[in-house]
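[1] Sequence and predicted structure, then a few things I'm wondering about:
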Amino acid sequence: MAAVRRNLADRRRLEREAARHERAGSIPEALAALSQLVAAGLADGDLLNRCGDLHLRAGAHAEAMRSWRAAAERLREDGFVHKALAVLRKATRQDPACDDVLERIAELHGELGHVVEARRLTLDLAQRELEKGLDQRAFALLERLLAADPDPATRETLARLYEQRGRGTVAAGHYLVLGSERSAAGDLPGARAALERAWELAPARDDVEAALADAYVRLGLWAQALPLAAQRVSRSPEAVPELHRLARVQAELGQVATARDTYERLLALQPDDEWRARIALLHAREGEPDRALAGLELVLGRIETGGGLARAIELLEELLRASPDHVPGLLRLAALHSRAGHRDAFARCYETLHRVHEARGETELAQAAARVLAGARTRHRFAGGGSAAEATDLPEAPAALDAATERIASASGLVIAAGAGLNLDYGWPDYRDREAFWSTFPEYRERGLALEELARPGRFEQDPETAWAFYARRLVLARARRPHPGLRTLARWRALAPAGGFVVTSCVEGEYAAAGFDPDRVVECCGNLLWSQCPRECGAPPFPTPSRITPARPPRCPACGAVARPNVLLHGDWAWDMSRLEVQDAAFRAWLRGRRGVVVLELGETPRLPVLRAYVRRLAEDAGASLVRICSRDASVPEGGVSVPMSPRRAIEAINERLRAR
């Protein structure tokens, strides 16, 4: 303890002595006093920084830089990283070409999570090293940056530099990883470009060739995929994945007989019902649906017994795409839909059967199909359940359809208010249903995580990697999903109105813009997954979600660098940034102001989750707009409105036929 007190006393004495010399302008004497503290190990970061300043005043530039470097390291060790950065920035003002100081600044920015700044500094420094001819040094900097922040743009820069310096094999490796990253992020054209470049540089690399073949398949570039797939099978004639890829490509190119031979080879190597089903379905494409169904029957029983009812339905639907009027296939599919409780789908099967029998002049069979259909609708209606198609035979439905058609045709402007029910009616998954969610995202079943657990603000704060793993995958699915026919039909209806119109939706996947609606005329009541926001409320506005994201590289706020979250209304969400919605709502109300003859068409919004109903009711009242409500569960409307108690899909099809006939 006495030694400690003595050291502290010595330090205070020497610091006072240095300060006295400094005030007197005796810089060497001040430095001598402080140097004693440095030599005795009593200097902290602030004192070393002071030494650097005095060395600079004394003209000892090299000594000043040495002291500042030491000060920065001591400050960092003591937890004062921001102060360390300030000291190093001061050093760069004296020597802007001091590369080791710039490199250390970049590293400290990385430690603080300032990814953008760290990346910028490292890239600038690497460019300087290249200009000096220090290629290895530049490559080492970029490789280290990639290890800390696997950014695709940095990887592409590094791959090009390796390529320019004649190191094609190393460049090919980076292009391969870049292709995989872009593919995982849903950027398939970008993945293709990177993988094609890797293959040009290293055509003998098996992993590059395999990745490029898979990219062609995912992009549907069957002609480009065929030579690669065939070449890989020739080298590995018993490799099941290679044979499967080749068979699929051959089938997509219409080489049915060749594809069947390849599937036969697969079946010989690996007896599997999937290959048997593929072989059977190829018979349907050759115009032999009876033979195809006979082949499918060999496997459907086992698939159904194993709990794969959905898969059995998919196989039969594929058969009917090739032979849509095949009566035995329709009957078999109707039976599966009945077992699964798919009432609308069951009804559609019998509607098709009725149409086919009528077209063939098979009156008795057509009447039998009509009786089954009518009985099914009656059963479901009086049971109090069912979805939209079950209400189509109510006496008031034709009159309601005529009234709805008249309103839409005569509207000066059309407002389409649509909830999730519209998309569900066209077969899109309902993520609110746990089984449907786990069917699309099976990796969360074992963990017991459903949408309500993943779509919470706390998940992004406590476990951002899991949260963004889900949303990155959902974004890929949303961007790849093609708009269903109902959306395209609604877009045409809106174009019929002289003043156009708006969409008001509680859906969050940007499907209306993808279907051709003007994005500036869409009001997204619950936000949009294609936009992200800062969770810290730092003042930055929402920004477009990057197309290439991974769990390890989630979007970050461009202002403060925090890990972002989707700009959508999550479960239990008090931090949703509504600024985009406010702009959309203002534009909508400006368009609506003073306009007469507006019709609001509400589709698929159910009483169970009435996100839009209150909004639509106020809109109709305030603007004097007329309301057309299409819903199978509760289509009740205020006085003057039109109620259509049908499913959105069936109603859209029926109204569209009437509009065409006008």
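    Nice, thanks for sending it over. Worth saying up front: this structure is predicted, and the values here are computed from it rather than measured. Numbers count the residues shown, from 1 in each chain.

[2] For the residue nearest the centre of the chain, which non-adjacent residue is closest in space?
    The centre of the chain sits closest to residue 475, judged by C-alpha atoms, centre = their mean, with a distance of 1.3 Å. In space, and not counting its chain neighbours, residue 475 is closest to residue 529: 5.9 Å by C-beta to C-beta, 6 or more residues apart in numbering. C-beta: built from backbone N, CA, C; applies to glycine.

[3] Quick check: mean pLDDT of the helix or strand harbouring that neighbour?
    Assessed by DSSP states H and E, residue 529 sits inside strand 527-533. Here strand 527-533 scores 94 as its mean pLDDT.

[4] returning to what we had before: list the contacts of the residue nearest to residue 475.
    Applying C-beta atoms under 8 Å, 6 or more residues apart in numbering, one finds that residue 529 lies in contact with 471, 474, 475, 478, 508, 509, 510, 545, 566, 568.

[5] what does residue 50 give?
    residue 34.

[6] so which helix or strand takes in it?
    Here residue 50 sits within helix 45-57, counting by DSSP H and E.

[7] Tell me which residues of the helix or strand just after that helix come out buried.
    For helix 45-57, the following helix or strand on the C-terminal side (DSSP H and E) is helix 61-77. Within helix 61-77, the residues that count as buried by 16 or more other C-beta atoms under 10 Å are 63-76.

[8] Isn't residue 553 up against residue 150?
    Yes. Assessed by C-beta atoms under 8 Å, residue 553 is found in contact with residue 150 at 6.0 Å.

[9] where does the stretch 51-200 of the chain have low pLDDT?
    For the stretch 51-200 of the chain, the stretches flagged by pLDDT under 70 are 115, 149.

[10] now the strands for it?
    Using DSSP state E, counting those that start in this stretch, the stretch 51-200 of the chain contains no strands.

[11] hey, where'd the helices end up in it?
    Shown for the stretch 51-200 of the chain, the helices assigned by DSSP state H, counting those that start in this stretch span residues 61-77, 81-94, 99-111, 115-131, 135-148, 152-164, 168-184, 188-201.

[12] could you redo those helices as a markdown table and give each row distance to residue 422?
    Shown next, in a markdown table, are the helices of the stretch 51-200 of the chain (distance: least, C-beta to C-beta, whole Å):
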| stretch | distance to residue 422 |
| --- | --- |
| helix 61-77 | 57 |
| helix 81-94 | 52 |
| helix 99-111 | 47 |
| helix 115-131 | 40 |
| helix 135-148 | 44 |
| helix 152-164 | 36 |
| helix 168-184 | 30 |
| helix 188-201 | 28 |
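
[13] Can you tell me which of those is nearest to residue 448?
    Closest to residue 448 of those is helix 168-184 (C-beta to C-beta; 25.0 Å).

[14] Run through the neighbouring helices and strands of the closest one.
    Where contact means 3 or more C-beta pairs under 8 Å, 6 or more residues apart in numbering; DSSP states H and E, helix 168-184 is packed against helix 152-164, helix 188-201, helix 206-219.

[15] So which of the helices of the stretch 51-200 of the chain is nearest residue 252?
    Nearest to residue 252 among the helices of the stretch 51-200 of the chain is helix 188-201; the distance by C-beta to C-beta comes to 16.0 Å.

[16] Buried ones in the closest one, by neighbour count?
    Applying a neighbour-count criterion of 16+ other C-beta under 10 Å, one finds 188, 190, 191, 192, 193, 194, 195, 196, 197, 198, 199, 201 buried in helix 188-201.

[17] If I follow the layout properly, the last one ends up in contact with residue 170?
    No. In this structure, residue 201 sits apart from residue 170 without contact. The criterion is C-beta under 8 Å, and the distance is 9.2 Å.

[18] Show me what the helix or strand containing residue 293 is packed against.
    Per DSSP H and E: residue 293 is located in helix 289-305. With contacts taken as 3+ C-beta pairs under 8 Å, 6+ apart, helix 289-305 sits against helix 273-285, helix 309-322, helix 327-340.

[19] could those helices be laid out in CSV, adding mean pLDDT, distance to residue 576 and mean neighbour count?
    Listed next are these as CSV, based on pLDDT from 0 to 100; distance: least, C-beta to C-beta, whole Å; neighbours: other C-beta atoms under 10 Å:
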stretch, mean pLDDT, distance to residue 576, mean neighbour count
helix 273-285, 89, 44, 22
helix 309-322, 88, 34, 18
helix 327-340, 84, 37, 18
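
[20] Nearest to residue 501 among those helices would be which one?
    Closest to residue 501 of these, according to C-beta to C-beta: helix 309-322, at 33.9 Å.

[21] Determine the set of other helices and strands touching the closest one.
    helix 273-285, helix 289-305, helix 327-340.

[22] Please report how far the residue of the chain most remote from its centre lies from residue 74.
    Farthest-out residue of the chain from its mean C-alpha position, per C-alpha atoms, centre = their mean: residue 24, at 66.6 Å. Going from residue 24 to residue 74 by C-beta to C-beta, to the nearest Å gives 28 Å.

[23] go on, residue 176?
    43 Å.

[24] do residue 194 as well
    Residue 194 sits 44 Å away from residue 74, taking C-beta to C-beta as the criterion.

[25] Residue 146 too?
    30 Å.

[26] next one: residue 632
    With distances taken as C-beta to C-beta, residue 632 is found 72 Å from residue 74.

[27] phi, psi of residue 595?
    Note on residue 595: backbone dihedrals following degrees, to the nearest 10 are phi -90, psi 140.

[28] cool, and residue 519?
    phi -60, psi -30.

[29] quick one: low-confidence parts of the stretch 201-350 of the chain?
    In the stretch 201-350 of the chain, residues with pLDDT under 70: 304-307.

[30] and stretch 596-615, what's its mean pLDDT?
    For stretch 596-615, mean pLDDT rounds to 73.

[31] Skipping its backbone neighbours, what lies nearest residue 559 in space?
    residue 540 (3.7 Å).

[32] Which pLDDT value goes with the one you found?
    91.

[33] Correct me if wrong: it contacts residue 557.
    Yes. Counting by C-beta under 8 Å, residue 557 is a contact partner of residue 540 at 5.4 Å.

[34] Overlap of the contact sets of those two?
    Taking C-beta under 8 Å, 6+ apart as the criterion, residue 540 and residue 557 both touch 533, 534.

[35] Which of those two has more residues huddled nearby?
    Neighbours were counted for residue 540 and for residue 557 using other C-beta atoms under 10 Å; residue 557 has more, 19 against 16.

[36] Would you mind measuring from the more buried one to residue 331?
    In this view, residue 557 and residue 331 are 57 Å apart by C-beta to C-beta.

[37] With residue 34 instead?
    Separation of residue 34 from residue 331 (C-beta to C-beta): 96 Å.

[38] Could you do residue 566 as well?
    Noted for residue 566: a distance of 45 Å to residue 331, by C-beta to C-beta.

[39] go on, residue 400?
    Distance of residue 400 to residue 331, computed by C-beta to C-beta: 32 Å.

[40] can you pull out the strands in the stretch 551-662 of the chain?
    Listed in chain order, the strands of the stretch 551-662 of the chain (DSSP E, counting those that start in this stretch) span 565-568, 598-603, 626-630, 642-644.

[41] most neighbours per residue, which of the ones you listed?
    Highest mean neighbour count among the strands of the stretch 551-662 of the chain (mean count of other C-beta atoms under 10 Å): strand 598-603, with a mean of 26.

[42] low-scoring stretches of the stretch 351-500 of the chain, by residue?
    Low-confidence segments of the stretch 351-500 of the chain (pLDDT under 70): 375-397.

[43] would you list every one of the helices in it?
    363-382, 397-410, 420-425, 434-440, 451-454, 457-462, 464-480, 485-496.

[44] who's in contact with residue 158?
    By C-beta under 8 Å, 6+ apart, residue 158 lies in contact with 139, 142, 143, 146, 174.
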